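Student: Compute the structure for the input listed below.
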Amino acid sequence: QVQLVESGGGLVQAGGSLRLSCAASGRTFRGYVMGWFRQAPGKEREFVARIIWSGAITYYVDSVKGRFTISRDSAKNTLYLQMDSLKPEDTAVYYCYCATGAGVTYWGQGTQVTVSS
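Tutor: Numbers count the residues shown, from 1 in each chain. You can find the predicted model right below:
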């Protein structure tokens with residue numbers, strides 16, 4: 001069983017920054033893929049970024065490239081999403097996930113990010 005707990009969301013003005021954290025526990029994460037999705041009101045959940053835990057290979061949706069940076073701290077079992085140059089359209093609930101590669105995906109409870117114009 002994997003537990004994921006997000007934190008770091010909040011209200012920020014356009015152009016500002018936030019760093020989301022996802023504390024993971026329950027097992028080792030070597031070889032797993034972890035990342036972030038987001039869901040805005042009235043919209044489907046959207047992929048944002050992912051990282052291969054062991055190799056730190058990253059991938060981003062085009063709309064956040066150059067503004068968001070995903071990273072992980074293996075010693076702390078924590079995933080991060082540094083969000084810079086935030087835009088109102090980044091407003092959403094952000095969810096951390098962990099995909100084990102065995103058809104099982106775990107999700108966090110979500111953290112709200114609100115960007116005011």
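Student: Break down this protein into its helices, ranges please.
Tutor: Counting by DSSP state H, the chain has no helices to list.
Student: my guess is Leu79 contacts Ala56, does it?
Tutor: No - if you go by Cβ atoms under 8 Å, Leu79 and Ala56 don't touch, sitting 11.3 Å apart. Any C-beta I mention is one placed from the backbone N, CA and C, and that applies to glycine too.
Student: between the two, who's got more neighbours?
Tutor: Counted by other Cβ atoms under 10 Å, Leu79 and Ala56 do not tie: Leu79 has more neighbours, with 28 against 11.
Student: Kindly provide the distance from the residue lying closest to that one once chain neighbours are set aside to Gly31.
Tutor: Residue nearest to Leu79 in three dimensions, not counting chain neighbours: Cys22, with 4.0 Å by Cβ to Cβ, 6 or more residues apart in numbering. Distance, Cys22 to Gly31, using Cβ to Cβ, to the nearest Å: 17 Å.
Student: Which one of the two is surrounded by more residues?
Tutor: Set Cys22 next to Gly31 and count neighbours by other Cβ under 10 Å: Cys22 wins out with 25 against 11.
Student: so what's the more buried one up against?
Tutor: Leu4, Val5, Glu6, Ser7, Met34, Trp36, Thr78, Leu79, Tyr80, Leu81, Cys96, Gly108 (Cβ atoms under 8 Å, 6 or more residues apart in numbering).
Student: What about the residues you listed, which are in strands?
Tutor: Leu4, Val5, Glu6, Ser7, Met34, Trp36, Thr78, Leu79, Tyr80, Leu81, Cys96 (DSSP state E).
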